[in-house]
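Sequence and computational prediction follow.
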Amino acid sequence: MNERLIVKSFGPVKDLDILFKKVTLFIGDQGTGKSCVAKLFSMFKWTEKVLSQKKYKLSYFEQYNRFQKMLCKYHRIESFVNESSYIKFEGALYDFLYENGNFSVIDKSHEIKGISKVMYVPAERSIVSVAENKSKLLKELPDSSETFSDEFVNAKKFFQNGYNLPFEGLRFEYDSLNDAGWIHGVDYKVRLINASSGIQSSLPMCIVSEYLSSKISDKEEVKLSKEEKDKLEKRVTEIMQNEEYSDSIKDMMIRQLSYANRYNQLINIVEEPELNLFPRSQMEVLFSLISNNASAEENMLVFTTHSPYSLAIINTMIMGAKTYANATEEQRGQIEAILPVKYQINENEIAAYRLSSSDECYCQSVINEKTGLVSKNELDSASDEIMRVFNSLYQYYAKTLAK
């Protein structure tokens, strides 16, 4: 699962060489390239998926500058490409390289166990709460926002009996007859379009993540068009009638065709899950995302954040796993009561990076190699400066009182 991305001179991204793990997070100032890196990862995982399904030949993406004009354009990062850009992604099934204006793909010829459902959850997601199913309001946003809006519509229909938000005891219900979403509190209800900004940003993210993770857990098959079904049936017939193949080879080839049309992995890529949320609600939303991510072994969660609370919450999850691993059975029951296993993160399954345009090193891991936790100085990088200013002012304030 440790997939590698190397980028040099691509938009705001200066120079990085990173690994993606089961949980990967990026923190840093605005405009440092966090979302750009997440979009590149999303782009390569989607390309890997469609190639594994044999929907395209490798040469299709290598020709006519489709790397920039098609793949990058989907996330509106095509303008980030320049003559010095170098991008390499070492995926599970394919390697991708963009260098000197050329894009190439290498098939690693690995057996597949299923395909990925790649979901990019944009920071602009609250508009799908306001617009609900009115796609005309999405036309000025990247294509990824329209894709997310489509999944939000599917998720609302999937949870036809309602969906419990992970915070404040709130419940979402969808009136399909009138195409209206409602938020129910303890003693009130309000239309989703009139709900708070925190609800409008978190509901689409949480409900889509849970909806898609349930599809993965159920090993749902990909919906095929009639043309795709005809091609699949023709391919199965060709395999079964080929006398040069042994029975074991035929079984293996049919199994690979089956895997290529069955989901086994959710790649959930989320921009700023903490948007417009109170710290406690940030924690409960992260718990929800981590729990969904843990529901299948191959799932991956990537998120960007500006919130020091996110790092503190992640540290709690890592500490929970470390403590649980070393505990007795009796102690494990007590630990589970404090932090259930589904919210724990194995220290070997998380990567965390800080991106900075001003530091000498643009990209740095913020995981302490000795403890396996996020470094303390990254938990709230602004606090020291705030306290320095406060203490300086307080010294002058004390002098004014002494007069």
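Yes, it's here.

how about the spatially most central residue of the chain, phi and psi?
Centroid-nearest residue in the chain, with Cα atoms, centre = their mean: residue 269, separated by 1.5 Å. In terms of degrees, to the nearest 10, the main-chain angles of residue 269 are phi -120, psi 110.

Looks like it contacts residue 40 (just checking).
No - with contact defined as Cβ atoms under 8 Å, residue 269 does not reach residue 40; the gap is 10.3 Å. Every C-beta, even on glycine, is put in place using the N, C-alpha and C of the backbone.

Give me the common contacts of these two.
Common contact partners of residue 269 and residue 40 (Cβ atoms under 8 Å, 6 or more residues apart in numbering): none.

Please name the bridge partners of the residue nearest to the centre of the chain.
Bridge pairing for residue 269 (DSSP bridges) gives the partners residue 120, residue 302.

Show the pLDDT at it.
pLDDT, residue 269: 98.

contacting residues for it?
Taking Cβ under 8 Å, 6+ apart as the test, what residue 269 contacts is 38, 39, 41, 42, 118, 119, 120, 121, 302, 303.

What distance do you get for residue 171 to residue 374?
33 Å (Cβ to Cβ, to the nearest Å).

Would you mind telling me which of those two has more residues around it?
residue 374 (25 against 14; other Cβ atoms under 10 Å).

In three-state terms, label residue 116 for me.
strand (DSSP: H, G, I helix; E, B strand; the rest coil).

does it really touch residue 262, like I thought?
No - assessed by Cβ under 8 Å, residue 116 is found out of contact with residue 262, at 11.1 Å.

Neighbour count for the two, which is higher?
residue 116 (23 against 16).

any idea how far that one lies from residue 304?
Taking Cβ to Cβ, one finds residue 116 at 20 Å from residue 304.

Same check on residue 331?
35 Å.

So if I had to pick from these two, which one is more boxed in?
residue 304 (24 against 12).

That one looks like it's in a strand, true?
Yes - going by three-state DSSP, the assignment for residue 304 places it inside a strand.

contacting residues around the nearest residue to it once chain neighbours are set aside?
The shortest distance from residue 304 to any non-neighbouring residue, by Cβ to Cβ, 6 or more residues apart in numbering, is to residue 34 (4.0 Å). The neighbours of residue 34, taking Cβ under 8 Å, 6+ apart as the test, are 26, 27, 28, 304, 355.

Residue 30 is in contact with the last one, correct?
No - in this structure, residue 355 sits apart from residue 30 without contact. The criterion is Cβ under 8 Å, and the distance is 10.5 Å.

So the two - more neighbours on which side?
residue 355 (24 against 8).

can you pull the contacts of that one?
By Cβ under 8 Å, 6+ apart, the neighbours of residue 355 are 13, 16, 26, 27, 28, 29, 32, 33, 34, 37, 362, 363.

Next secondary structure after the helix or strand in which the fourth one is found?
Taking DSSP states H and E as the definition, residue 27 sits inside strand 23-28. Along the chain past strand 23-28, the next helix or strand (assigned with DSSP H and E) turns out to be helix 34-52.

That next one: which residues count as buried?
Under the neighbour-count criterion of 16 or more other Cβ atoms under 10 Å, helix 34-52 has 34-49, 51-52 buried.

Repeat that for stretch 298-313.
Buried residues in stretch 298-313 (16+ other Cβ under 10 Å): 298-305, 307-311, 313.

Ok, stretch 265-282 next?
Per 16+ other Cβ under 10 Å, stretch 265-282 contains these buried residues: 265-275, 277, 281-282.

Could you tell me which of those residues are located in helices?
281, 282 (DSSP state H).

could you dump the buried residues of stretch 265-282 to a markdown table with distance to residue 7?
Putting these into a markdown table (distance: Cβ to Cβ, whole Å) gives the following:
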| residue | distance to residue 7 |
| --- | --- |
| 265 | 23 |
| 266 | 24 |
| 267 | 18 |
| 268 | 21 |
| 269 | 16 |
| 270 | 20 |
| 271 | 18 |
| 272 | 21 |
| 273 | 23 |
| 274 | 25 |
| 275 | 25 |
| 277 | 30 |
| 281 | 33 |
| 282 | 29 |
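
okay, who's weakest in the contacts of residue 34 by pLDDT?
Minimum pLDDT across the contacts of residue 34 falls on residue 28, with 89.

Skip the chain neighbours and tell me the closest residue to that residue.
Per Cβ to Cβ, 6+ apart, closest to residue 28 is residue 355, 3.8 Å.

where's that neighbour relative to residue 67, distance?
For residue 355 relative to residue 67 (Cβ to Cβ), the value is 23 Å.

Now do stretch 75-82, average pLDDT.
For stretch 75-82, the mean confidence score works out to 96.

got a list of what the residue lying closest to residue 71 once chain neighbours are set aside touches?
Nearest non-adjacent residue to residue 71, counting by Cβ to Cβ, 6+ apart: residue 43, 5.1 Å away. Residue 43 makes contacts with 71, 72, 74, 75, as judged by Cβ under 8 Å, 6+ apart.

how about low-confidence regions in the stretch 201-350 of the chain?
The stretch 201-350 of the chain contains residues with pLDDT under 70 at 224-233, 235-236, 250, 252-260.

my guess is residue 51 meets residue 62, correct?
No - using Cβ under 8 Å as the test, residue 51 is too far from residue 62 to be in contact (11.3 Å).

overlap in contacts of these two?
Contacts common to residue 51 and residue 62, judged by Cβ under 8 Å, 6+ apart, are residue 105.

now the contacts of residue 269 as a markdown table including distance to residue 107?
Putting those into a markdown table (distance: Cβ to Cβ, whole Å) gives the following:
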| residue | distance to residue 107 |
| --- | --- |
| 38 | 25 |
| 39 | 24 |
| 41 | 19 |
| 42 | 21 |
| 118 | 19 |
| 119 | 25 |
| 120 | 24 |
| 121 | 29 |
| 302 | 24 |
| 303 | 30 |
